[in-house]
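> Need a 3D model of the sequence below.
(chains A and B)
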Amino acid sequence: MLDLLGNLQRTHSCGSLREEHVGQTVVLMGWVARKRDFGVFTFIDLRDREGITQIVVSEDFAPEAHTKAKQARSEYVIAVKGEVVARSPETVNQKIPTGKIEVLAKEILILNDSKPLPFELEKVGSQNLASEELRLKYRYLDLRRPQLQRNLMMRAQAIKKIREYMDSLGFIEIETPILLKSTPEGARDFIVPSRIYRGKFFALPQSPQILKQICMIAGFDKYYQIARCFRDEDLRADRQPEFTQLDVEMSFVNQEMVYSVIEGVFRSVFRLIDVELPEKFPRMTYNEAIERFGTDKPDLRFSMELKDLTESFKTAENIASSPFASALQNGGMVKAITVKGKADYSRKQLDELQEFVKRYGASGLTWIKFLEETQSPLAKFFSPEKLTEFAEKAEAEKGDIVLIVAGKKSVVLPALGALRIEIAKRENLIDKNTYKPVLITEFPMFEYNEESGQYEPAHHPFTSPMDEDLEFFRRAVEKDERELLGKVRAKAYDAVINGYECAGGSIRIHQREIQELNFKAIGLSPEVAKERFGFFLEALEYGAPPHGGFAAGIERICMILCGTENIRDVMAFPKTSSTQDLMMDSPGKVDESQLDELGIRIISD
RNA sequence: GGAGCCGUAGUUCAGUUGGUUAGAACGCCAGCCUGUCACGUUGGAGGUCGCGGGUUCAAGUCCCGUCGGCUCCGCCA
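Okay, the predicted model is just below:
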């Protein structure tokens, strides 16, 4: 028989009682985390989101409560009324904050029972946690785990801190619509059919980009929003189809002013985990990041930078007969990383690393073991002296191994950049308690797409070119000298922390003429530009102020705050990597009548 | 679109060269137990080896296909 809650009120959480409460009569409510039954008395570990308190129920002291306690099973929901008593010194539990006290039950109500759970919430001994598939199906149970409860509470704290900080700077929170209009640039849109305008569709926002710029034109000056965004692209460990951004826009600002807001908001949020980020973040240009780390989001918690061996190899005597000859002839490069003290890597380990870089399109990986004598597959082509010279050029010392990739720049840099991270993980080179922010600046305005042979926007099409490169930009578009597009840098920047792109933004174009040039540069005809963005081009003609801003990924920030590498650990209801919700079983079918109303017919393949 | 890893009691895993009745721990159920906190202890129940097909005297084990989960490449202005 279940008991009714009636008027009974909780007086404390299960994490709040301490020695100072001894003697008080309290009411706790929560879930039975564990029960230890000794016949004439029973211990219950009672859990709520704040913690665990031990309940003692004695047959002598409270026979009715004891009967209830005997009935209780794991995850039953119970209410306990009783007295806080101090534990004797030898029975204190050091492992939990409430361990110096326990609650001697006078009355117990069983508010609800529970079937045995499909998996255990706490892993025991060497047991692993249940598979993520099962936990996602029973997300409401998985979310009872203290770890996930802590993560979601941290997320709530982070968002609260952000709002406080933005408010303190005079930013105004403005909500923008979820039902927008599709603009085929960028990511794939999620679209929503219109019932009233049959055959027409809304699109969910990939970000509120245009709307926040419109807010600037509307004179709001400093806008922010905790905005939900949607992108219908394949998932990754740090990517979900819907996610949350801190979206910010400011008028009358240059990059420096935006940087200081980014720095301030991150500093404020990281104080939640007692981390004091520097007042000014280090800066690095995009080109420098790519050359030194092989990525535009470098993890600066460890060094192991990429070293350029291109010139050394070019001037080597037997280069023509070496495997690098063709790579170098085609304007390629040779780069290396040096792994400290790992000249003892085995054949098997090197084969694995070889396979690893091949995933990034590298033709292979070669190496020099820098010992008393150098060892290398390259010894067939180069003298020991030359190999030593290469190794020293890669800043290797005796006992190190130099890992070398050669080929096209667009392959070598990402492959070695990824290898750098992989080795750092394998060799435990990353101190989990350090936090290294960096601002990446001077992104290219356009990227050359090798497949299409076209220049494509690297950021979004509202990004302003750098003042220094404006003439290049004009010439490139107006005189159709398209190769000049590759030289145009944008007023675009990213904030990177520990290798995660946590925020990105730009100074926007606020003049119609430049905006039209940019649409032309990315291949939008004036007609198409007008159809898609006509309202925006028009808005630029009514006194648009200079403006810029950024967007910061809430989940990625929370991942770092919570020390997890998985975005699902900081979202309440995430989807699987194939975009399903295993709990609700979404996406799901809809009734034929719903489709009829929308004028939609399903074509099966 | 492509690649890798994984799928065996409720859960986490083991399962040898293809071989006879598929095991362990935890959980669950029943009993005992006055200080546990991963309680202890005695006993018990519990299996579509993801699914489909094939090879074989014989398949959890080998082969093909398929579904699902995770990770990565492409993709993510």
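> How about A:Ala418, nearest residue that isn't a chain neighbour?
A:Tyr360 (5.6 Å; Cβ to Cβ, 6 or more residues apart in numbering). In this view, the C-beta of every residue, glycine as well, is placed from N, C-alpha and C.
> cool, and A:Gln54?
A:Glu102 (4.3 Å).
> Now name the helix or strand holding that neighbour.
Element membership for A:Glu102, per DSSP states H and E: strand A:101-112.
> circling back to that earlier point, and the residue nearest to A:Gln54, how many neighbours does it have?
Neighbour count for A:Glu102, taken as other Cβ atoms under 10 Å: 23.
> Show me which residues of the stretch 451-600 of chain A sit near RNA strand B.
Residues of the stretch 451-600 of chain A found near RNA strand B (Cβ under 7 Å from any atom of the strand) are A:456-461, A:566, A:568, A:576-578, A:580, A:582.
> in the helix or strand where A:Asn287 lies, what counts as buried?
Element membership for A:Asn287, per DSSP H and E: helix A:286-293. For helix A:286-293, burial by neighbour count (16 or more other Cβ atoms under 10 Å) applies to A:286, A:289-293.
> Pipe those residues into CSV and attach pLDDT and distance to RNA strand B per row.
Formatted as CSV, the buried residues of helix A:286-293 follow (pLDDT from 0 to 100; distance: Cβ to the nearest atom of the strand, whole Å):
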residue, pLDDT, distance to RNA strand B
A:Tyr286, 96, 14
A:Ala289, 97, 15
A:Ile290, 96, 14
A:Glu291, 96, 18
A:Arg292, 97, 19
A:Phe293, 97, 14
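> Show me which of the residues you listed is closest to A:Glu527.
Nearest to A:Glu527 among the buried residues of helix A:286-293, counting by Cβ to Cβ, is A:Tyr286 at 33.2 Å.
> How about the closest one, nearest residue that isn't a chain neighbour?
Closest residue in space to A:Tyr286, ignoring its immediate chain neighbours: A:Phe443 at 4.8 Å, by Cβ to Cβ, 6+ apart.
> Contact partners for that neighbour?
Neighbouring residues of A:Phe443 by Cβ atoms under 8 Å, 6 or more residues apart in numbering: A:286, A:296, A:458-459, A:489-490, A:492-494.
> quick one: secondary structure of A:Phe43?
strand (DSSP: H, G, I helix; E, B strand; the rest coil).
> With A:Glu565 instead?
Classified using three-state DSSP, A:Glu565 is coil.
> Grab the nearest non-local neighbour of it.
A:Ala237 (6.1 Å).
> can I assume the one you found is in contact with A:Thr564?
No: under the criterion of Cβ atoms under 8 Å, A:Ala237 is not in contact with A:Thr564, lying 9.7 Å apart.
> And the helix ranked longest in chain A, what does it pack against?
In terms of residue count, the longest helix belonging to chain A (DSSP state H) is helix A:146-168. Judged by 3 or more Cβ pairs under 8 Å, 6 or more residues apart in numbering; DSSP states H and E, helix A:146-168 is in contact with strand A:172-173, strand A:222-230, strand A:242-251, helix A:255-270, helix A:554-562.
> Extract the C-alpha set from the last one and format it as PDB.
C-alpha atoms of helix A:554-562 as PDB (Å, rounded to 0.1, in the frame of the first residue of the first chain):
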ATOM      1  CA  ILE A 554      27.100  26.800 -24.100                       C
ATOM      2  CA  GLU A 555      27.500  23.000 -24.300                       C
ATOM      3  CA  ARG A 556      31.200  23.200 -25.100                       C
ATOM      4  CA  ILE A 557      31.800  25.600 -22.300                       C
ATOM      5  CA  CYS A 558      29.900  23.200 -19.900                       C
ATOM      6  CA  MET A 559      31.900  20.200 -21.200                       C
ATOM      7  CA  ILE A 560      35.100  21.900 -20.100                       C
ATOM      8  CA  LEU A 561      33.600  23.100 -16.800                       C
ATOM      9  CA  CYS A 562      32.400  19.500 -16.100                       C
END
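> Mind listing residues that contact the helix or strand that that helix is followed by?
As assigned by DSSP H and E, the chain's next helix or strand after helix A:554-562 is helix A:592-598. By Cβ under 8 Å, 6+ apart, the residues outside helix A:592-598 that reach it are A:193-195, A:198, A:601-602.
> Dump the residues you listed to a markdown table, plus neighbour count and distance to RNA strand B.
As requested, the contacts of helix A:592-598 are exported to a markdown table (neighbours: other Cβ atoms under 10 Å; distance: Cβ to the nearest atom of the strand, whole Å):
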| residue | neighbour count | distance to RNA strand B |
| --- | --- | --- |
| A:Pro193 | 16 | 22 |
| A:Ser194 | 14 | 22 |
| A:Arg195 | 11 | 27 |
| A:Arg198 | 11 | 28 |
| A:Arg601 | 8 | 21 |
| A:Ile602 | 8 | 17 |
